[in-house]
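Q: got a structure for you, letters missing:
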């Protein structure tokens, strides 16, 4: 059962699609938040297929366009300015499905970041499913390129073949690497001070604001990472090295899964299907009384 839901936000009209199971759904629904620039269908129809998979297995889901995207009115905005949109979507979701009493936010890339910085403020949000979270900074991107692209290229036969055949200019390549190195040694992530400042002050680095949102959020978190994605690589490096992220992934309420061959948007059918299975299993386990809080952090890697 798919139902169009229109709801207002500060004088603008947003559009959502509610997926309600024919049987009584679990009391925990899934709100699919869209990362930009994107709308409620998702790349390769991922959000549609995910919502239908959840609905077919007894989980209510809703996907929606926030202001300025898809069929929603208003000015275009990015994931750092959609708190009111997420709140209004949860209001509409719970109104249309009164049998629900809590919501899991599911988001890819910027939507994962937006959901994370929002969730701790709303007690109705009981869980987060974050795919390839966006923690982009100039320094972080430079480090990710150096570590996950150029370093791997040094051991690539094609690189040395291109150099020997004159297809690659070593001076230009060296110049690019030196530029990245300078950026990688740039401004460090801030730390200390008011523990709530990072979530409120947008002058603070995005990774710090996300880390503070993670610490303040009391629910369970599932992280799904692609193995062939620079955004995911940057998140891994930030979570492992940035002082603000110290210990966050090791929390017992956190579960981490990796699809080693997948790209950023999970463009192949088998990758999307695996994400759907992980999402459903995680939601069902929590709804039945199970929780990742009762077990150590899991790092599951799938080769596909």
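A: Nice, I can see it. None of the values given here were measured: they were computed from a predicted structure.

Q: pLDDT below threshold where in the stretch 1-150 of the chain?
A: Low-confidence segments of the stretch 1-150 of the chain (pLDDT under 70): 137-150.

Q: so where do the strands sit in it?
A: 2-9, 12-19, 28-33, 61-65, 102-108, 125-131 (DSSP state E, counting those that start in this stretch).

Q: for the first one, list every residue counted as buried.
A: Right, the one you point to is strand 2-9. Neighbour counts over strand 2-9 (16 or more other Cβ atoms under 10 Å) mark 5, 7, 9 as buried. For the C-beta atoms, the positions are set from N, CA and C on the backbone; glycine is no exception.

Q: my guess is the second one meets residue 13, correct?
A: Yep, that's residue 7 we're talking about. Yes - the pair residue 7 / residue 13 is scored as a contact, 7.5 Å apart, by Cβ atoms under 8 Å.

Q: any idea how far residue 81 is from residue 224?
A: 25 Å (Cβ to Cβ, to the nearest Å).

Q: grab the longest helix from the chain for me.
A: helix 269-287 (DSSP state H).

Q: what comes up buried for that one?
A: So for helix 269-287, counting by 16+ other Cβ under 10 Å, buried means 271-272, 274-276, 278-280, 282-284, 286-287.

Q: other SSEs contacting that helix?
A: Here helix 269-287 touches strand 28-33, helix 46-56, strand 125-131, strand 220-226, strand 254-259, going by 3 or more Cβ pairs under 8 Å, 6 or more residues apart in numbering; DSSP states H and E.

Q: need these in JSON lines (columns: mean neighbour count and distance to residue 238).
A: Below are the helices and strands packed on helix 269-287 laid out as JSON lines (neighbours: other Cβ atoms under 10 Å; distance: least, Cβ to Cβ, whole Å):
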{"stretch": "strand 28-33", "mean neighbour count": "25", "distance to residue 238": "21"}
{"stretch": "helix 46-56", "mean neighbour count": "20", "distance to residue 238": "24"}
{"stretch": "strand 125-131", "mean neighbour count": "25", "distance to residue 238": "13"}
{"stretch": "strand 220-226", "mean neighbour count": "23", "distance to residue 238": "12"}
{"stretch": "strand 254-259", "mean neighbour count": "21", "distance to residue 238": "14"}
